[in-house]
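1. structure here, sequence nowhere to be found:
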């Protein structure tokens, strides 16, 4: 279609897709909430000692990875079936609007909605469970707030800035992983999940090696300064900025590649 984006048309498209997939969304949310609720309840009930904050944080990360992977793996589902692909391509909205909806309903849901859903279920289970057993040591979201305080608040100003930048890289990882999987689903029609996971592994390896070379082999944090720069690294923060820029650039490339793949299907 000639018109790249029309807000009214796009809103109608969202409404139509939500109505068509309403039952799936409700079942999916119900399944996630029920599973996390029952799993947490059983873990608390079968353990003599309360769950520690470290254990809760680990459980949160595990649940987030599983649920977010399932959500993002639903991107570009019509690509896996020739019949559905024809219907998808001939639908009267622009390819950008189709792409935008796919991105919003998978990657953005995975980044923002999934963690909220997990934490909401955890809080509901904790509030209900402590009415039966006050010894479960339910403390709300302290397992999250403690991590934030330890990494983003406490410490000297110089080290605090470096830790804040480091945490920003960590927070970028979920978005980066989902972008890689999103692109993988647009490229691979057979076994997209497995191939996307392998792509994520390659992404991790590349940036892990990048961090290792800069901070371990080069020793940027130990001897690089304004008086003794290394390449374009005048200090540790500039090295972190370089890694952040590399991650952001990689994400832009991945997302744009998936958009081009959709345009290629419509040609």
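-> Okay, I see it. Everything numeric here is computed off the predicted structure, so don't read it as measured data.
2. got the end-to-end distance for stretch 103-117?
-> 19 Å (C-alpha to C-alpha, to the nearest Å).
3. same question, stretch 108-116
-> Start-to-end, stretch 108-116 (C-alpha to C-alpha) is 12 Å.
4. ranges for the helices of this protein?
-> In the chain, the helices defined using DSSP state H lie at 7-20, 22-46, 53-72, 82-90, 95-103, 114-132, 142-152, 157-187, 192-212, 220-223, 236-266.
5. need the contact list for the spatially most central residue of the chain.
-> For the chain, the residue sitting closest to the mean C-alpha position, by C-alpha atoms, centre = their mean, is residue 174 at 3.1 Å. Applying C-beta atoms under 8 Å, 6 or more residues apart in numbering to residue 174 gives the contacts 64, 68, 110-111. No exception for glycine: its C-beta is placed from N, CA and C like everyone else's.
6. how is the chain divided into domains?
-> Split into domains by automatic domain parsing, the chain comes to 1-141, 155-267.
7. would you list the contacts of residue 174 in JSON lines and tack on neighbour count and distance to residue 182?
-> Output for these, formatted as JSON lines (neighbours: other C-beta atoms under 10 Å; distance: C-beta to C-beta, whole Å):
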{"residue": "64", "neighbour count": "17", "distance to residue 182": "16"}
{"residue": "68", "neighbour count": "23", "distance to residue 182": "11"}
{"residue": "110", "neighbour count": "27", "distance to residue 182": "9"}
{"residue": "111", "neighbour count": "18", "distance to residue 182": "11"}
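8. of those residues, closest to residue 56?
-> Nearest to residue 56 among the contacts of residue 174 is residue 64, at 12.3 Å by C-beta to C-beta.
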